[in-house]
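[1] here is the input, now give the coordinates:
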Amino acid sequence: MDAKTRKSVPVRAESARVANSLRRPGSPERRALLRMGVSLPEGEVSESAALAALVEAGRAALADELLADEYAAMAVERTDEDSAARAAMRGRVSRRAD
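    Next comes the predicted model:
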């Protein structure tokens with residue numbers, strides 16, 4: 001079970017505006033949140049629930065970015081390995097021709 005702890009954090013005006021919009025069913029922000037895979041209970045929700053959903057959306061977006069970075073690093077590694085293997089094969093082929 002997830003432990004839930006209330007934290008006191010400063011909230012910028014724009015984040016508060018978005019959280020307020022998330023409280024209203026059918027708002028563009030709430031629809032976008034749902035498309036991101038973060039859901040809220042039906043109906044109007046509390047400010048704390050809206051802020052928690054906003055934090056979860058940020059966490060999920062950060063996880064996606066980290067995953068993209070890892071895939072990019074793997075692609076670079078793979079390319080370097082492939083280049084080294086091709087160079088080694090070229091060396092073997094040219095030695096056989098001699």
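[2] tell me the contacts of Glu42?
    By CB atoms under 8 Å, 6 or more residues apart in numbering, the contact set of Glu42 is Pro25. Where C-beta positions appear, they are placed from N, C-alpha and C, glycine not excepted.
[3] so which elements touch the helix or strand bottoming out on mean pLDDT in the chain?
    Between all helices and strands in the chain, the lowest mean by mean pLDDT, DSSP states H and E belongs to helix 47-97, at a mean of 83. Using 3 or more CB pairs under 8 Å, 6 or more residues apart in numbering; DSSP states H and E as the contact definition, the elements that helix 47-97 packs against are helix 13-22, helix 28-35.
[4] how close does Met36 get to Leu54?
    Between Met36 and Leu54 the distance, using CB to CB, to the nearest Å, works out to 11 Å.
[5] got it, and Tyr71?
    Counting by CB to CB, the separation of Tyr71 from Leu54 is 26 Å.
[6] on that earlier part again, neighbour count: Met36 and Leu54, which is higher?
    For Met36 versus Leu54, neighbours defined as other CB atoms under 10 Å are more numerous around Leu54 (19 against 15).
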